[in-house]
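K.L.:
Here is the input, now give the coordinates:
(chains A and B)
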There are 2 protein chains.
Amino acid sequence: MERVFNHEIMSEIQSRWSPRAFSTKPVAASELQALLEAARYAPSCSNEQPWRFLITDSEDKLARLRGVLDESNQVWANKAPVLILVTSKKQFAKTGKDNHWQMFDSGTAWGYLSLEAERRGMITHAMGGFDREKARREYSIPDDLEIITVIAVGYYGQKANSAHSTSSANNRRPAKRLMRSFYSRILRLTCHSGSMNLFGFQPLIDTK
Amino acid sequence: MERVFNHEIMSEIQSRWSPRAFSTKPVAASELQALLEAARYAPSCSNEQPWRFLITDSEDKLARLRGVLDESNQVWANKAPVLILVTSKKQFAKTGKDNHWQMFDSGTAWGYLSLEAERRGMITHAMGGFDREKARREYSIPDDLEIITVIAVGYYGQKANSAHSTSSANNRRPAKRLMRSFYSRILRLTCHSGSMNLFGFQPLIDTK
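P.N.:
Just a heads-up that it's a prediction; the model follows:
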């Protein structure tokens, strides 16, 4: 399904998607460092920078992290030259209080990393399909770190052996579908003037 | 404190920061729609797109949303021509199961929005300082939506009346500070080869 853009947005956002076809071509250290620098400059609540990344880019370390992935992800992610386990600090360092925004902020950092990778001709794919508790045990990750995702980083390659049907960029849901959702009550409450909408996608864009 | 970049990363990431000095200049609908389109194309777990945005850009609606902000944010955010309440669906639409990644994915969408805004000469500032429960009551937001942040969107202006000291871009913590943190145990476990690091920022970048 071809993506349709109604606005001229950042080319990296338009072209980025999450392929499962990785080449084994290694990522140069300087390239990887640039991705991490992009992530590092994401905004976060009180500039807490709650994200903590576990980076693997050598064969033995990769094998260890691959071991926590679901088999359905291993079939394609095993070729990726870099895997990053994203974790996030649950409490604010200064106050010790729970940080309501730690996963949100870590998602922003991942977003910045993903676009910098796209700009540099790399591909990325974040996986939810892995054993979080196994990862915690494997790396003795303390309880105050939330375990979030494993990101595959590398270059586009042959689609070798994936059982997944997705082999091109996903589109996004049209606004109309949302309008029919169970949020209709809120939408009724807030959309009557057209100046305030609760939505996931583009009610301001596609209300026609 | 001037930001130092060790790598040539995306200019929007380098230049973006979170000012508190908003002009009252309105944001054209097409510009706002472009920001939302950028957010919409963020990746998410199973392409769930859990983010739900409540957009306010007219005076009466803005006043209503301003009413949930902490006073310390009202002093500057009251000038912003657009406020967006970011919420996120807690369960997967297909399965009804808890979505562990909903806040993370919504953070990615905010990240994309923030960079598209920067590219278009706008500024953004995400606030944690507001009354989440008041917002829930005010807009009758159902319990299955997580209430996350209010984002101010607009143009840079005079720094009128902010009590905040921050008037320029924040830097990020150096790697060394992290290395001294209580994650040292993990770092010892994983950093010995230099090929795997648990970190928030740039241990691969600045280990010199």
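K.L.:
Which residue, other than its chain neighbours, is closest to residue A:117?
P.N.:
residue A:124 (4.9 Å; CB to CB, 6 or more residues apart in numbering or on different chains). No exception for glycine: its C-beta is placed from N, CA and C like everyone else's.
K.L.:
Now do the same for the one you found: helix, strand or coil?
P.N.:
strand (DSSP: H, G, I helix; E, B strand; the rest coil).
K.L.:
That one: neighbouring residues, count only.
P.N.:
Other residues within reach of residue A:124, judged by other CB atoms under 10 Å in any protein chain shown, total 24.
K.L.:
now swap in residue A:136 and tell me
P.N.:
Around residue A:136 there are 16 residues (other CB under 10 Å).
K.L.:
Isn't it up against residue A:147?
P.N.:
Yes. Assessed by CB atoms under 8 Å, residue A:136 is found in contact with residue A:147 at 5.9 Å.
K.L.:
Tell me the spacing between the residue nearest the centre of chain A and chain B.
P.N.:
When CA atoms, centre = their mean is applied to chain A, the residue found nearest the centroid is residue A:126 (4.6 Å). Distance of residue A:126 to chain B, computed by CB to the nearest CB, to the nearest Å: 6 Å.
K.L.:
And residue A:41, by the same measure?
P.N.:
On the measure of CB to the nearest CB, residue A:41 and chain B end up 5 Å apart.
K.L.:
The residue nearest to that residue when sequence neighbours are not counted in helix, strand or coil?
P.N.:
Spatial nearest neighbour of residue A:41, excluding adjacent residues (CB to CB, 6+ apart): residue B:13 at 5.2 Å. Going by three-state DSSP, the secondary structure assigned to residue B:13 is helix.
K.L.:
Contacts only, for residue B:13.
P.N.:
A:38, A:41, A:112, A:115, A:116, B:115 (CB atoms under 8 Å, 6 or more residues apart in numbering or on different chains).
K.L.:
what's the farthest-apart pair in those residues?
P.N.:
Farthest apart among those by CB to CB are A:41 and A:115. That separation is 11.7 Å.
K.L.:
need the longest strand for chain A.
P.N.:
strand A:145-154 (DSSP state E).
K.L.:
That one and chain B, any residue contact?
P.N.:
Yes. Counting by CB under 8 Å from any CB of the partner chain, chain B has neighbours in strand A:145-154: A:148, A:149.
K.L.:
Within its sheet, name the partner strands of that strand and how each one runs.
P.N.:
Using DSSP bridges, strand A:145-154 pairs in its sheet with strand A:82-89 (antiparallel), strand A:123-127 (antiparallel).
K.L.:
out of those, nearest to residue B:34?
P.N.:
Of all the strands paired with strand A:145-154, strand A:123-127 comes closest under CB to CB, at 23.2 Å.
K.L.:
Just the CA coordinates for that closest one, please, in CSV.
P.N.:
Extracted in CSV, the C-alpha atoms of strand A:123-127 (Å, rounded to 0.1, in the frame of the first residue of the first chain):
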residue,chain,number,x,y,z
ILE,A,123,17.7,1.0,8.2
THR,A,124,16.3,0.4,11.7
HIS,A,125,13.6,-1.9,13.1
ALA,A,126,12.4,-1.8,16.7
MET,A,127,11.1,-5.1,18.1
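K.L.:
what is the mean pLDDT for that strand?
P.N.:
For strand A:123-127, the mean per-residue pLDDT is 98.
K.L.:
returning to that earlier point: how about the residue nearest to the centre of chain A, what does it touch?
P.N.:
A:18, A:86, A:110, A:114, A:149, A:150, A:151, A:152, B:43, B:45.
K.L.:
just checking, residue A:55 touches residue A:32?
P.N.:
Yes. Between residue A:55 and residue A:32 there is a contact at 7.3 Å, judged by CB under 8 Å.
K.L.:
Spit out the contact partners of residue A:65.
P.N.:
Contacts of residue A:65 by CB under 8 Å, 6+ apart are A:54, A:56, A:83, A:85, A:135, A:150.
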